[in-house]
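Student: below: sequence and its predicted model.
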Amino acid sequence: MAVSALPDLIQQMCQPGFYPHPVAEPIRLLQTHVSYVLLTGDYAYKVKKPVNFGFLDYSTLEKRHHFCHEELRLNQRGAGPLYLEVVAIGQAGDTYQLGSGTPAEYAVKMVQFPQDTLLSALYDRGELTDALMQDLAVAVADFHLGAATSDHIRTFGAVEQIRQAFDENYAQTEGYIGGPQTQAQFDETKAYTDSFFAAHPELFERRVAQNWIRACHGDLHLNNICRWRDRLYLFDCIEFNEPFRYVDVMYDVGFVVMDLLSKDCAGLANVFLNHYVERTGDWEGVQLLPLYISRQAYVRAKVTSFLLNDPGVDQDTKRQAAETAAGYYRLAWSVCQPRSGAIYMMAGLSGAGKSTTAQVLAQQINAIHLRSDAVRKHLAGVPLDQRGDDSLYTPAMTEKTYDRLLTLGIALAQAGYPVILDAKYDRNRLRQNAIAQIQAAGLPLTILHCTAPAAVLEQRVRDRAGDIADATVAVLQRQHMEPFTESEQPLVQAIDTTQAVPPQLAAIV
């Protein structure tokens with residue numbers, strides 16, 4: 001948009017003399033459909049447009065003032081150091097002035113960070129890594145664990161509340177059938193969500209009862225996350241609409257996963273998801289994840305499709321929009337397709353490389369990785385990064401841990417996921433119990449027996465740092481792997497973890 005076509009206030013805010021502090025010239029203007037953002041060097045100023053879209057209403061100065069303060073307040077949770085204050089903009093005749101005069105507008109003043117620190121920019125440069133996804137998982141998990149909930153917030157977890165947005169999405173996109181989406185995609189995506197809501201009311205009820213409906217971010221994609229000065233910031237959360245913010249934590253998780261999947265980063269999405277649910281202990285939430293991934297992709301498709309009806313958009317832009325929307329419709333449809341679950345049971349002593357092997361396998365087949373160390377600590381209420389005492393390793397606690405591991409594994413496999421049960425499974429009795437229940441559930445099972453020489457096991461245990469496992473060399477020396485029985489042998493695949501693991505797994509899977 002030409003500067004002359006902008007409102008007088010924004011034209012003046014594009015001039016260096018408008019600001020009472022030094023600026024970096026030229027001042028850069030970013031726009032969305034609801035705001036202007038002025039990048040001045042050290043600071044950024046966000047001004048809300050006087051628009052009303054129904055779900056978002058900034059139509060009056062009073063409302064814009066209110067939502068500026070809400071934006072400041074709510075973003076203290078995920079990006080506090082970036083959000084400084086709400087500043088008034090006064091007007092005298094045709095001249096606007098920052099911080100003085102009768103308020104004619106308001107802006108949120110922020111610390112300006114480099115745009116190349118956005119995770120979307122890191123993706124463009126090929127700089128998203130497994131380690132960064134692990135850090136992001138921790139940041140999002142801690143954000144959710146600290147997020148507020150209440151009786152009012154929990155009302156937004158009712159099925160009739162949640163499905164309103166789904167129904168609205170389908171109603172608003174029927175006109176794009178035969179364009180960026182096919183009739184079959186529309187029918188099958190809608191049928192999946194309709195049947196999911198009808199068939200699983202108890203899942204949604206449990207989410208409410210277990211306090212997983214919280215004041216979340218609501219718009220958590222890679223363009224609203226930055227890595228700056230060795231810290232991750234989750235910024236620009238939803239401040240204008242409670243139903244978009246008071247959601248299941250899996251709504252936010254689904255947004256991140258969807259964004260990564262849309263960029264063909266399935267392995268990174270798997271790392272993020274597994275570290276997130278391990279951190280929160282919310283493995284059951286994964287059962288709802290396809291619903292939310294589909295929803296987030298469908299919204300992106302819908303919003304992009306709207307450009308096709310905009311008379312102000314040129315044909316090249318419309319052609320690109322149609323291709324982009326088609327990709328999102330395809331993703332929304334693909335995650336709804338039937339999947340067959342399976343279970344992979346790790347086995348081996350401490351230091352045998354079970355978790356390392358499981359992590360590689362999880363990324364290869366997009367599996368949910370369940371570590372007994374994490375399950376055990378969540379059961380006991382012990383932080384994952386804290387060493388457990390002897391009470392964590394009694395026979396009774398071990399029994400409880402393996403029961404929980406198995407229950408989770410079967411539930412997630414029945415929901416269509418490959419699942420890895422990452423535990424020693426060194427005792428015949430533990431294996432036999434698991435095998436019997438897995439086979440009774442009709443699920444395929446493979447046992448991956450990780451091995452390495454005793455000296456290697458001891459060195460690995462001795463060298464461990466920053467891992468949740470508590471085993472010491474003394475503990476390892478008391479361990480003993482009971483031989484596999486004749487009935488178990490057909491299920492067992494050996495993995496020599498002193499050799500390259502990926503090709504061994506590829507030959508098995």
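Tutor: Received it, and whenever you're ready, just let me know what you need. All values reported here derive from a predicted model rather than from experimental measurement. Residues are numbered from 1 along each chain as shown.

Student: what's the spacing between Asp264 and Ala380?
Tutor: 39 Å (Cβ to Cβ, to the nearest Å). Any C-beta I mention is one placed from the backbone N, CA and C, and that applies to glycine too.

Student: and the closest residue in space to Val271 that isn't next to it in sequence, how many neighbours?
Tutor: Excluding the flanking residues, the one nearest Val271 by Cβ to Cβ, 6 or more residues apart in numbering is Met133, at 4.3 Å. Residues lying near Met133 (other Cβ atoms under 10 Å) number 24.

Student: pull the distance from the helix or strand harbouring Met133 to the chain's centre.
Tutor: Met133 belongs to helix 130-145 when assigned by DSSP states H and E. Distance of helix 130-145 from its chain centroid, counting by Cα atoms, centre = their mean, to the nearest Å, is 9 Å.

Student: what does stretch 97-116 give?
Tutor: Remark: stretch 97-116 is offset 30 Å from the chain centroid, using Cα atoms, centre = their mean.

Student: now that stretch: buried residues?
Tutor: Under the neighbour-count criterion of 16 or more other Cβ atoms under 10 Å, stretch 97-116 has 98, 105-110, 112-113 buried.

Student: name the residues that touch that stretch?
Tutor: For stretch 97-116, the external contacting residues (Cβ atoms under 8 Å, 6 or more residues apart in numbering) are 9, 18-20, 39-48, 61, 64-65, 68, 71-72, 81-92, 96, 121, 125, 226, 228, 233.

Student: ok, of the residues you listed, which come out buried?
Tutor: Neighbour-count burial (16+ other Cβ under 10 Å) applied to the contacts of stretch 97-116 gives 9, 18-19, 39-40, 43-48, 64-65, 68, 71-72, 82-83, 86-89, 96, 121, 226, 228, 233.

Student: can you pull the phi/psi pair for the closest residue in space to Leu56 that isn't next to it in sequence?
Tutor: Of all residues not flanking Leu56 in the chain, Phe240 sits nearest, at 4.6 Å (Cβ to Cβ, 6+ apart). For Phe240, the backbone dihedrals are phi -100, psi 0 (criterion: degrees, to the nearest 10).

Student: so what's Phe240 up against?
Tutor: Residues near Phe240 by Cβ under 8 Å, 6+ apart: 55-58, 67, 70.

Student: mind listing what's buried in stretch 426-434?
Tutor: For stretch 426-434, the neighbour count (16+ other Cβ under 10 Å) marks 426, 430-431, 434 as buried.

Student: which of those residues fall in helices?
Tutor: 430-431, 434 (DSSP state H).

Student: report the helix or strand with the lowest average pLDDT across the protein.
Tutor: Every helix and strand in the chain was compared by mean pLDDT, DSSP states H and E; the lowest is helix 473-477, with a mean of 82.

Student: now for that helix, which elements pack on it?
Tutor: Where contact means 3 or more Cβ pairs under 8 Å, 6 or more residues apart in numbering; DSSP states H and E, helix 473-477 is packed against helix 454-463.

Student: export the helix it packs on to PDB, keeping only CA atoms.
Tutor: C-alpha atoms of helix 454-463 as PDB (Å, rounded to 0.1, in the frame of the first residue of the first chain):
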ATOM      1  CA  ALA A 454      28.900 -54.600  29.700                       C
ATOM      2  CA  ALA A 455      31.800 -52.200  29.600                       C
ATOM      3  CA  VAL A 456      29.900 -50.000  27.100                       C
ATOM      4  CA  LEU A 457      26.800 -50.100  29.300                       C
ATOM      5  CA  GLU A 458      28.800 -48.900  32.300                       C
ATOM      6  CA  GLN A 459      30.500 -46.100  30.400                       C
ATOM      7  CA  ARG A 460      27.200 -44.800  29.000                       C
ATOM      8  CA  VAL A 461      25.500 -44.800  32.400                       C
ATOM      9  CA  ARG A 462      28.600 -43.100  33.900                       C
ATOM     10  CA  ASP A 463      28.600 -40.400  31.200                       C
END
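
Student: only the buried residues of it, if you could.
Tutor: Using 16+ other Cβ under 10 Å as the test for burial, helix 454-463 gives 457-458, 460-461.

Student: and that helix, average pLDDT?
Tutor: Helix 454-463 shows a mean pLDDT of 90 in the predicted model.

Student: list the buried residues of whatever helix or strand Pro290 lives in.
Tutor: Assessed by DSSP H and E, Pro290 sits inside helix 289-305. Buried residues in helix 289-305, counted by 16+ other Cβ under 10 Å: 289-302, 304-305.

Student: from those, which two are the most distant?
Tutor: Leu289 and Ser305 (24.1 Å; Cβ to Cβ).

Student: one step back: closest to Gly409 out of the buried residues of stretch 426-434?
Tutor: Using Cβ to Cβ, Ala434 is the member of the buried residues of stretch 426-434 that lies nearest Gly409, at 8.3 Å.

Student: please report phi then psi for Gln493.
Tutor: Main-chain torsions, Gln493, degrees, to the nearest 10: phi -120, psi 130.
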